[in-house]
Structure formats: structure tokens, C-alpha cells
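K.L.:
Sharing a model that was predicted from the sequence below.
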Amino acid sequence: MTKNNRVNQVIINGLIAALYIVLAVVPGIFSMASGAIQFRLSEGLNHLVLFNKKYIWGVSLGVILFNLFYSSPLDVLFGGAQTIMGLLIVIFVSPRFKEMWQKMLLNIVVFSFTMFLIAIMLNMTANLPFWPTYGTTALSEFVIMTITAPLMLVLDRAIHFDKRMH
């Protein structure tokens, strides 16, 4: 990899991290980016790793920075872990699927499932009951990831995510 490619990857991942924060701040204004019900539009950026695994850095950094600035140190730890775990699972498992819609469905299921980490954190910090909290966080993740999947496919046709990250 050339130096220009590395610089390009760093810049793009920095922009993805910034975009994650911006897209999470808007629902945060309405208290919908943290807690038992979370509708972070920015979670749709998790689909980027399906186009190129190198996006893991920008998405993970965006989650960690948003939680650092707008939430709690435990959310940095648990939210960061949930994102990195989900992205790594998807990166390793998605090549087994042929069609992009199958990969996106995998991504939706993995991220909804891994919300158990957020439910554990909310149980520890806000004394919310685990199972109902897991249900609402997983459902809200499922909804936002499902809504953003077709949007990411449309954006890819115009932007060509894989070609941006060499």
C-alpha cells in the first residue's frame, strides 16, 4: 500500500467518524441516542464494512468519540465493545454469503443481537431490568439498521464505497 493510500484511508475514516457523530447528535437532541430506546441514524454506517472492512476504524472511532462526548465512560467501553464485536463478526462471517442483501441481513441480526452489551451497561448504570432493556435496544437497533440498509445500497451506487477505500 502506498503512502497516499494510507493517508486516504485515514482521512476517509476520520470523515466517517465525524459523520457518525453528526448523525448521532440529532437524535441525541431528542434523547433518542442513548438509553433503553436508541434511534441513532448513525448506526446505519455499520453497513460500510460490508463494502470494505477498512471502514471499521472510522465507524468504531465515531461510536467511541460520540459516547465520550455525549454519554459516559462506561458507554465508551460497552458501546465501543459492542460496535467492534459486531463489526468483526460481520467482517469474518459475511464473505460466506453471496448476495449483498444476505450480508446486510446478517449485519442487522448481528448488531441487534450484540445490543445485549448495551442492556448490561444500562442495567449496571441505570438499574434498568436486563431483558426488557435488551428487547428495546435490540428492537431499536433492528429498526434503524433495517431502514438504513436500502439507503446504503442506493448511496453505494453513487459513491462506490469500496473504491473509496483502497
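P.N.:
Nice, I can see it.
K.L.:
Share the number of residues neighbouring residue 96, please.
P.N.:
9 (other Cβ atoms under 10 Å). (Each C-beta comes from the backbone N, C-alpha and C, glycine too.)
K.L.:
Equivalent analysis for residue 50, please.
P.N.:
Using other Cβ under 10 Å, residue 50 is surrounded by 24 other residues.
K.L.:
I'd guessed it sits against residue 101; true?
P.N.:
No: shown here, residue 50 and residue 101 do not form a contact pair, counting by Cβ atoms under 8 Å, at 10.4 Å.
K.L.:
which residues touch residue 147?
P.N.:
Residues in contact with residue 147, defined by Cβ atoms under 8 Å, 6 or more residues apart in numbering, are residue 44.
K.L.:
That one and residue 104, how far apart?
P.N.:
12 Å (Cβ to Cβ, to the nearest Å).
K.L.:
same check, this time on residue 14
P.N.:
Per Cβ to Cβ, residue 14 is found 25 Å from residue 104.
K.L.:
and what of residue 55?
P.N.:
14 Å.
K.L.:
the more surrounded of the two?
P.N.:
residue 55 (25 against 22).
K.L.:
residues touching residue 19, list them.
P.N.:
Residue 19 neighbours (Cβ under 8 Å, 6+ apart): 42, 45, 62.
K.L.:
Could you export the residues you listed as JSON lines, including pLDDT?
P.N.:
What follows is the contacts of residue 19, written out as JSON lines (pLDDT from 0 to 100):
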{"residue": "42", "pLDDT": "94"}
{"residue": "45", "pLDDT": "98"}
{"residue": "62", "pLDDT": "98"}
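K.L.:
For residue 20, state which of those residues is nearest.
P.N.:
Comparing the contacts of residue 19 against residue 20 with Cβ to Cβ picks out residue 62 as the nearest, at 2.5 Å.
K.L.:
In what element of secondary structure is that closest one found?
P.N.:
Using DSSP states H and E, the element containing residue 62 is helix 56-70.
K.L.:
for whichever helix or strand comes after that helix, the distance to its chain's centre please.
P.N.:
Following helix 56-70 in sequence order, the next helix or strand is helix 73-93 (DSSP H and E). Offset of helix 73-93 from its chain centre (Cα atoms, centre = their mean, to the nearest Å): 8 Å.
K.L.:
Mind listing what's buried along helix 73-93?
P.N.:
Within helix 73-93, the residues that count as buried by 16 or more other Cβ atoms under 10 Å are 75-76, 78-84, 86-87, 89-91.
K.L.:
which of those residues lies closest to residue 20?
P.N.:
Proximity of the buried residues of helix 73-93 to residue 20 (Cβ to Cβ) peaks at residue 83, which lies at 9.6 Å.
K.L.:
Nothing else from me, thank you.
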